[in-house]
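Participant: sequence below, structure please.
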Amino acid sequence: MKIARTDELEKLLRFASDASSQTAGDRLTLTLLDVLQIVGEGRICPRPEDTQEARRIKRPARRSSGDPAGYWDLVQGPYWVTFNEEVRIPEGCSLVLQPHQDLMKNGLWHPTLIIRDWAEVSGILLLVTARGVRVMENAPLSTGIIIKSKE
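Facilitator: Prediction:
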């Protein structure tokens with residue numbers, strides 16, 4: 001098993017505002033594009049055709065703080081968030097995605113994912129704890145490493 005280096009990562013990161021600033025050593029950083037609040041009940045069933053996703057709404061509205069990016073005030077609860085970037089994951093590799101340290105320091109969390117095909121990633125579940133948080137668009141959400149399983 002081998003971990004991809006910065007020069008390799010820069011070539012795999014698409015739609016990054018600045019790929020060189022979002023890659024360091026063997027890590028890449030993915031940033032926030034959009035926030036949807038999960039407000040409804042979902043349904044998980046043995047038959048896929050009976051399964052229903054929880055209802056999501058585009059709330060809270062993004063606010064402007066004099067900065068063109070703006071920010072969201074998130075209260076406690078679950079959110080579905082999307083990334084600005086896409087990652088091209090080479091054959092025989094996996095992307096391990098975990099919460100960025102800034103999230104955890106501020107009482108936010110998302111699960112660690114092991115991804116083999118970026119097309120399967122439509123976003124990620126973000127959990128906000130009781131204190132809530134103000135988060136800006138383009139803020140770092142996740143840190144990832146690409147592991148090469150084949151030589």
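
Participant: how about the helices of this protein, start to end?
Facilitator: Per DSSP state H, the chain carries helices over the ranges 6-12, 101-105.

Participant: quick one, which of those helices is nearest to Ile115?
Facilitator: helix 6-12 (12.2 Å; Cβ to Cβ). Every residue, glycine included, has its C-beta placed from N, CA and C.

Participant: for Lys2, name its beta-bridge partners.
Facilitator: Taking DSSP bridges as the rule, Lys2 bridges to Lys148.

Participant: my guess is it contacts Ile146, does it?
Facilitator: No: using Cβ atoms under 8 Å, Lys2 and Ile146 do not qualify as a contacting pair, with a distance of 9.4 Å.

Participant: which of the two has more residues huddled nearby?
Facilitator: Under the neighbour definition other Cβ atoms under 10 Å, Lys2 and Ile146 were set side by side, and Ile146 has more, 23 against 12.

Participant: nearest residue to that one other than its sequence neighbours?
Facilitator: Of all residues not flanking Ile146 in the chain, Ala4 sits nearest, at 4.0 Å (Cβ to Cβ, 6 or more residues apart in numbering).

Participant: what are the contacting residues of the lowest-mean-pLDDT helix or strand in the chain?
Facilitator: Least confident element among the helices and strands of the chain, by mean pLDDT, DSSP states H and E: strand 2-3 (a mean of 83). With contact meaning Cβ atoms under 8 Å, 6 or more residues apart in numbering, strand 2-3 is reached by 26, 145-148, 151.

Participant: same thing but at 10 Å, please
Facilitator: Under the criterion Cβ atoms under 10 Å, 6 or more residues apart in numbering, residues 9, 25-27, 93, 96, 145-151 lie in contact with strand 2-3.

Participant: can you check stretch 57-72 too?
Facilitator: For stretch 57-72, the surrounding residues in contact (Cβ under 10 Å, 6+ apart) are 32, 34-40, 73-75, 79-81, 133-139.

Participant: ok, now stretch 35-54?
Facilitator: 55-62, 71-72, 74-75, 77-82, 123, 125-128, 135, 137.

Participant: end-to-end on that stretch?
Facilitator: With Cα to Cα, to the nearest Å as the measure, stretch 35-54 spans 15 Å from end to end.

Participant: all set, thanks.
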